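Trainee: take a look and give me a structure for this.
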Amino acid sequence: MKKIYGILSIVSALALIVCMLISSLDLVAYYEPGFYEKEYRKYNVQEPLKMEITDILYVTDEMMDYLKGYRADLVVETTVDGKEREFFNDREKSHMADVRDLFLGGIRLRRLLLLLVIAIVGTLVCMDEHPFRRLSKGYLIGGGVFLAALGAFAAYASQDFTRAFTQFHHVFFNNDLWLLDPKTDLLINMLPEGFFTDFAIHMGVIFAGMLVVLAVVCIVFLIVTRQKKGCGKGRYLLE
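Mentor: Below is the predicted model of the structure:
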């Protein structure tokens, strides 16, 4: 049974870490103060868009509401080059519908994985003699695997982000709607490749920070609960 408990702890760790990865994306996309405005000013997107920054931020807010399912469509009227018009054309709307499906799918996956984590933790608490020590070890193993994978991906992406970004789209989208033309599509001018590079860096930093915090908590717990000298085999400080 100990092997089964060990496997369950690692599965729980991997599920929790995937939740953290999705949450790091969510945090940058929706909760990092001023992220979009700083990026837009950094890449001077106002010039190719021929829009005021306030209008660009308005379009962004509407787009992000759409991605979370808070609005039904992407019919967003704004001012471009001094004229009132819809920001998104049909191709952009179709692509963003795919993005919304992917994003909402990630949110649903996070909920399911959290339920799995709760179920595994509950099972181990009820059946294992030392559940939290076992979970801590499982989380350290799972965290180590993910941190190594994150480092490998970061090294790969830093060599050629365009290639990594393209492969991401081939994996997650089954069409070519993501291939936009700067001459006809405003979305690619609002969100240039550099924006996504910065987004990935911010997301990676937050995710790595979460992994470090999780590792520190697990290590401290294992140290505090190690066998007490002279108290007999199998007895722990916090058991």
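
Trainee: immediately after the host helix or strand of residue 138, which helix or strand?
Mentor: When elements are assigned from DSSP states H and E, residue 138 belongs to helix 131-159. For helix 131-159, the following helix or strand on the C-terminal side (DSSP H and E) is helix 161-172.

Trainee: avg pLDDT for that following helix?
Mentor: If you average the pLDDT over helix 161-172, you get 90.

Trainee: for it, buried residues please.
Mentor: 161, 164 (16 or more other CB atoms under 10 Å). Yep, even glycine has a C-beta here, placed from its N, CA and C like the rest.

Trainee: and stretch 39-51, by the same measure?
Mentor: Neighbour-count burial for stretch 39-51 flags 39, 40, 43, 45, 46, 49, 51 (criterion: 16+ other CB under 10 Å).

Trainee: now the end-to-end length of it.
Mentor: 15 Å (CA to CA, to the nearest Å).

Trainee: check which helices and strands the helix holding residue 138 sits against.
Mentor: helix 2-31, helix 90-127, helix 161-172, helix 193-224 (3 or more CB pairs under 8 Å, 6 or more residues apart in numbering; DSSP states H and E).

Trainee: what's the closest of those to residue 78?
Mentor: helix 90-127 (13.2 Å; CB to CB).

Trainee: how about the closest one, which residues are buried there?
Mentor: Buried, per 16+ other CB under 10 Å, within helix 90-127: 91-93, 95-96, 98-100, 103, 110, 113, 116-117, 120-121, 124.

Trainee: so how far is that helix off the chain centroid?
Mentor: 11 Å (CA atoms, centre = their mean, to the nearest Å).

Trainee: mind listing what's buried along the helix or strand bottoming out on mean pLDDT in the chain?
Mentor: Ranked by mean pLDDT, DSSP states H and E, the weakest helix or strand in the chain is helix 131-159, scoring a mean of 87. Under the neighbour-count criterion of 16+ other CB under 10 Å, helix 131-159 has 131-143, 146-147, 150, 157 buried.

Trainee: so who does residue 69 touch?
Mentor: Residues counted as contacts of residue 69 (CB atoms under 8 Å, 6 or more residues apart in numbering) are 100, 104.

Trainee: format the helices and strands packed on helix 131-159 as JSON lines; extra columns: distance to residue 76.
Mentor: As requested, the helices and strands packed on helix 131-159 are exported to JSON lines (distance: least, CB to CB, whole Å):
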{"stretch": "helix 2-31", "distance to residue 76": "18"}
{"stretch": "helix 90-127", "distance to residue 76": "10"}
{"stretch": "helix 161-172", "distance to residue 76": "23"}
{"stretch": "helix 193-224", "distance to residue 76": "19"}
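
Trainee: and those helices: which comes nearest residue 74?
Mentor: helix 90-127 (4.9 Å).

Trainee: show me what the closest one is packed against.
Mentor: Applying 3+ CB pairs under 8 Å, 6+ apart, one finds that helix 90-127 contacts helix 2-31, helix 53-67, helix 131-159, helix 186-190.

Trainee: off-centre distance for the last one?
Mentor: What that stands for is helix 186-190. 22 Å.

Trainee: the closest residue to residue 50 other than its chain neighbours: neighbour count?
Mentor: Nearest residue to residue 50, sequence neighbours excluded (CB to CB, 6 or more residues apart in numbering): residue 81, at 4.0 Å. Other residues within reach of residue 81, judged by other CB atoms under 10 Å, total 8.
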